[in-house]
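Chemist: Next comes the sequence, and after it the predicted model I'd like to discuss.
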Amino acid sequence: LVVGFCISGTDISAQLAGHAKSVVNLFSRPYLVGPRLVLQKVNDSSNQYTIRPFDTLFYTRSLVNPLPPHASRDENRLAVKAFFKRVFARQTDPACLVHPDLYVDLDNRKQETLVTVCDNYIDLVAAQKIRPKRGAIQRFTRDGVVLEDGESVQADAVVFCTGYDQSYEYMSRELVGTFKFANELNHKFQHILSKHTLPAEVEN
């Protein structure tokens, strides 16, 4: 049983598939899963392609505002949604959905759309070598866990890929205030730290 669905959760589930008797991946909500490298057209008028790291498709200003400057925010949002539906059809299109628990509703504007990376996770789910399960653990038993919906899952091992919360209790409140920011949607990344170090302008 692998608990969590970010990069560690999907990657470890994929590595265990084919070695463990069964792999269940438990999560509270799915992310959109893409490969590490993708083919992308050089431009619309040619048949030439380039290979790009997957994350460079998302961490760019062109995705935030893919249309010309005069386009409205709603037009940009619809263009981004169309792009996501094309790239992640097996998680966003009910007609070709790989598994119902992996469905991501792009029309739900209250939920942040998160993206993770794993080359073969979706294919392994399609081959039934990984069973994704949306839910949470209610309690542990001698041979596994009982989930909140009452299902019992047998497991010899439970791998937690749920991340961690940062804590700086050994520092003064004033010091922590120099690099803390409020992020209600993503509670695991409350601090902006360059390469996970303290700000250079802070003495000592």
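Modeler: That came through, no problem.
Chemist: Please make it C-alpha for all contacts and neighbour counts, starting now.
Modeler: Will do.
Chemist: Val98: how many residues sit nearby?
Modeler: Counted by other C-alpha atoms under 10 Å, the residues lying close to Val98 total 21.
Chemist: measure it to Leu37 for me?
Modeler: 21 Å (C-alpha to C-alpha, to the nearest Å).
Chemist: Equivalent analysis for Lys85, please.
Modeler: 18 Å.
Chemist: do the same with Thr162
Modeler: From Thr162 to Leu37 the distance is 25 Å (C-alpha to C-alpha).
Chemist: quick one: buried residues of the top helix by length along the chain?
Modeler: In the chain, taking DSSP state H as the definition, the longest helix is helix 73-87. For helix 73-87, the buried set under the neighbour-count rule, 16 or more other C-alpha atoms under 10 Å, comprises Asn76, Arg77, Ala79, Val80, Phe84, Lys85.
Chemist: could you pull out the helices for this structure?
Modeler: 7-16, 61-64, 73-87, 89-92, 121-126, 173-177.
Chemist: Can I get those helices in a markdown table including distance to Glu201?
Modeler: Output for these, formatted as a markdown table (distance: least, C-alpha to C-alpha, whole Å):
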| stretch | distance to Glu201 |
| --- | --- |
| helix 7-16 | 32 |
| helix 61-64 | 28 |
| helix 73-87 | 37 |
| helix 89-92 | 44 |
| helix 121-126 | 42 |
| helix 173-177 | 11 |
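Chemist: okay if I get these as TSV plus distance to Asp55 and mean pLDDT?
Modeler: Formatted as TSV, the helices of the chain follow (distance: least, C-alpha to C-alpha, whole Å; pLDDT from 0 to 100):
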stretch	distance to Asp55	mean pLDDT
helix 7-16	12	95
helix 61-64	11	57
helix 73-87	13	78
helix 89-92	18	93
helix 121-126	16	96
helix 173-177	30	76
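Chemist: nearest to Gln48, of the ones you listed?
Modeler: helix 73-87 (18.5 Å; C-alpha to C-alpha).
Chemist: send the alpha carbons of the closest one over as PDB?
Modeler: Extracted in PDB, the C-alpha atoms of helix 73-87 (Å, rounded to 0.1, in the frame of the first residue of the first chain):
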ATOM      1  CA  ARG A  73      -8.600  36.000 -18.700                       C
ATOM      2  CA  ASP A  74     -11.600  33.700 -19.500                       C
ATOM      3  CA  GLU A  75     -10.200  33.100 -23.000                       C
ATOM      4  CA  ASN A  76      -6.800  32.200 -21.600                       C
ATOM      5  CA  ARG A  77      -8.400  29.900 -19.000                       C
ATOM      6  CA  LEU A  78     -10.400  28.000 -21.700                       C
ATOM      7  CA  ALA A  79      -7.200  27.700 -23.800                       C
ATOM      8  CA  VAL A  80      -5.300  26.200 -20.800                       C
ATOM      9  CA  LYS A  81      -8.200  23.800 -20.100                       C
ATOM     10  CA  ALA A  82      -8.300  22.600 -23.700                       C
ATOM     11  CA  PHE A  83      -4.500  22.000 -23.500                       C
ATOM     12  CA  PHE A  84      -4.900  20.000 -20.300                       C
ATOM     13  CA  LYS A  85      -7.700  17.900 -21.800                       C
ATOM     14  CA  ARG A  86      -5.600  17.100 -24.800                       C
ATOM     15  CA  VAL A  87      -2.500  16.200 -22.800                       C
END
